[in-house]
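Undergrad: Pasting the sequence and the predicted coordinates here, then a few questions.
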Amino acid sequence: MKGTETAMRWPDGKRRCIWANPRNARYIRYHDEEWGRPVYDDGKLFELLLLECFQAGLSWECILNKREGFRWAFAAFDLAAVCAFTAADVERLMQDASIIRHRRKLEAAIKNARVFRAIQQEFGSFARYLWQWTEGQVVQEYGRTTSPISDALARDLKQRGMKFVGSTTIYSYLQAVGVIDAHDPGCFLSAGGAAQTGK
């Protein structure tokens, strides 16, 4: 979801991260309006974690294009509803062409939802648990796919029982929810990027 080169100039005069696909309006909106913005709402944090875990081995653009299918399939990302899913729901979802039909990932989504809820109960909110890893601060870095933070967080989540949460997946998640600010240098959304817009 990120490049290691400097941002590209677009027809609207803005510079955006090298990974943003100019031919996909959904992807552009995601880059401009969501990616890298700090998230403190547990509902949003759950949605993005669920989607990131389905991304493993696939492109984020593929997942993003199926986001509304996932929203419908997973009860609008309602945590309590997903926690209550059963084996019958897995079978139902395996027939849903609007999402990624991968049995192990579907089963993991339900398991991960239950671990997410357990973390909420332990820490008061998932956001409080997540942001403690950087002491509430946004980390600015780019050009990486893992870090000591994602290594440690992935390890902790696995110990708690989550699946498909390797360090690369968790690093991507931390970028998505704004714990890590990874906009490419020169992107209009990077630190200091606004000053370069249109130049």
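TA: Now that the structure is in, tell me what you want to look at. This is a predicted model, so every value here is computed, not measured.

Undergrad: Which helix or strand lies directly C-terminal to the longest helix anywhere in the chain?
TA: In the chain, assigned by DSSP state H, the helix with the most residues is helix 103-123. The element immediately downstream of helix 103-123 (helix or strand, assigned by DSSP states H and E) is helix 126-131.

Undergrad: Could you pull out the buried residues of that following helix?
TA: 126-127, 129-131 (16 or more other CB atoms under 10 Å). All C-beta atoms are positioned from the backbone trio N, CA, C, and that covers glycine.

Undergrad: if we can go back for a sec, please point out which parts of the longest helix of the chain sit buried.
TA: 105-106, 108-117, 119-120.

Undergrad: which residues sit against that helix?
TA: 42, 46, 49-50, 53-54, 56, 74, 79-80, 82-83, 85, 89-90, 93-94, 126, 129, 132, 157, 160-165 (CB atoms under 8 Å, 6 or more residues apart in numbering).

Undergrad: follow-up on the earlier one: so which of the buried residues of helix 126-131 comes closest to residue 177?
TA: residue 130 (7.4 Å; CB to CB).

Undergrad: in the protein, which spans are strands?
TA: With DSSP state E as the criterion, the chain has strands at 8-9, 15-16, 139-140, 180-181.

Undergrad: who does the first one pair up with?
TA: As defined by DSSP bridges, the strand partners of strand 8-9 come to strand 15-16 (antiparallel).

Undergrad: Then the last one?
TA: Within its sheet, strand 180-181 is paired with strand 139-140 (parallel), according to DSSP bridges.

Undergrad: Output the below-cut-off pLDDT ranges for the protein.
TA: In the predicted model, the chain carries pLDDT under 70 at residues 1-6, 192-199.
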